[in-house]
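Engineer: quick one, fold the following:
(3 chains)
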Amino acid sequence: MTSKQLTEIYQLLFDRFGPQNWWPGETQFEIITGAILTQNTNWANVEKAIANLKSAHLLTPEKLHHLDASQLAGLIRPAGYYNIKAKRLKNLINWLFSNYDGQLINLEGLDTDQLRAELLAIKGVGRETADSILLYAFNREIFVIDAYTARIAVRHGLIEPEADYERLRELFQSNLPQDIQLFNEYHALLVRLGKEFCKTKAKCTGCPLEKLPHTIDIEYS
DNA sequence: GACCAGGCACATC
DNA sequence: GATGTGCATGGT
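Structural biologist: The predicted structure follows:
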């Protein structure tokens, strides 16, 4: 039942928007960095911060490892929350160097549950950030939940408004084929839909899901 | 000027 | 376990 609805939604979104080519980023480390920088932040601002790191030729674990947090903060300033995000990036990099010789390749041997648990133990890496890293940087079968996804799922009656992150992840992850490319595209499409049609103050006109069962009045933040 | 954006940790109840 | 607050820039 739910899996049929989820499949229908995916079809409608893909038909309307086409492939989203996520995650934007040329390297595994760029994707990881972007996942932290985009926390509660518009992607356009993240791009400016990443551009700064690229111009300075600092977008590698080694280079950032040797940079202090205050200098890093200056470079990522356009992404907002720059002091806290600089610390969070350093936390992740310190973990990588303390336990894995600073090499992302050394994480490939971990199974998904183990890697997720380790990421979540890093201060500054919460569920969405960890799951974005798992799916988009490490190609693991994890469905990423974000504020848009939650809002859309609630508004279309796929889940109760009180549902927490893990409950939402369970909804998508266990009612869809275990397909990394599908998880990748689906989450990206939900964000696309959210940006264009599913903000907190709902303006649903022209929404590709307009004809589906709908509870417009709900405000989910 | 208000409101929002691809969250998270921490304090407090 | 639920709720409130600080963190900060840049676009609409």
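Engineer: only C-alpha atoms for contact and neighbour calcs from this point on.
Structural biologist: OK.
Engineer: geometrically speaking, which residue is the centre of chain A?
Structural biologist: A:Ser132 (3.9 Å; CA atoms, centre = their mean).
Engineer: which strands or helices does the helix or strand where that one lies pack on?
Structural biologist: Assessed by DSSP states H and E, A:Ser132 sits inside helix A:127-132. With contacts taken as 3 or more CA pairs under 8 Å, 6 or more residues apart in numbering; DSSP states H and E, helix A:127-132 sits against helix A:28-37, helix A:112-120.
Engineer: what about that helix, average pLDDT?
Structural biologist: Averaging pLDDT along helix A:127-132 yields 98.
Engineer: does DNA strand B sit close to the helix or strand of chain A with the lowest mean pLDDT?
Structural biologist: Ranking every helix and strand in chain A by mean pLDDT, DSSP states H and E puts helix A:147-155 at the bottom, with a mean of 92. Yes - against DNA strand B, helix A:147-155 shows contacts by CA under 7 Å from any atom of the strand at A:Ala147, A:Tyr148.
Engineer: and DNA strand C, is that helix touching that?
Structural biologist: No - taking CA under 7 Å from any atom of the strand as the criterion, helix A:147-155 and DNA strand C are apart, separated by no less than 13.9 Å.
Engineer: which of the residues in that helix are buried?
Structural biologist: Residues A:Ala147, A:Tyr148, A:Thr149, A:Ala150, A:Arg151, A:Ile152, A:Ala153, A:Val154, A:Arg155 are the ones in helix A:147-155 that count as buried (16 or more other CA atoms under 10 Å).
Engineer: for stretch A:188-205, same thing?
Structural biologist: Applying 16+ other CA under 10 Å to stretch A:188-205 flags A:Ala188, A:Leu189, A:Leu190, A:Val191, A:Arg192, A:Leu193, A:Gly194, A:Phe197, A:Cys198, A:Lys199 as buried.
Engineer: leaving out chain neighbours, which residue sits closest to the third one?
Structural biologist: This means A:Leu190. Leaving aside its chain neighbours, A:Leu190 sits nearest to A:Thr149 (6.0 Å; criterion: CA to CA, 6 or more residues apart in numbering).
Engineer: how far away is that neighbour from A:Asn21?
Structural biologist: 18 Å (CA to CA, to the nearest Å).
Engineer: ditto for A:Glu170
Structural biologist: For A:Glu170 relative to A:Asn21 (CA to CA), the value is 24 Å.
Engineer: for the least confident helix or strand of chain A, packing partners?
Structural biologist: helix A:180-197.
Engineer: okay, now the closest residue to A:Asn52 other than its chain neighbours: neighbour count?
Structural biologist: Leaving aside its chain neighbours, A:Asn52 sits nearest to A:Leu75 (5.9 Å; criterion: CA to CA, 6+ apart). Using other CA atoms under 10 Å, A:Leu75 has 20 neighbouring residues.
Engineer: ok, now A:Leu158?
Structural biologist: With other CA under 10 Å as criterion, A:Leu158 counts 19.
Engineer: give me every residue that touches it.
Structural biologist: By CA atoms under 8 Å, 6 or more residues apart in numbering, the contact list for A:Leu158 reads A:Thr2.
Engineer: hmm, back to that, burial-wise, tell me which of the helices and strands packed on helix A:127-132 comes out on top.
Structural biologist: helix A:28-37 (a mean of 22; mean count of other CA atoms under 10 Å).
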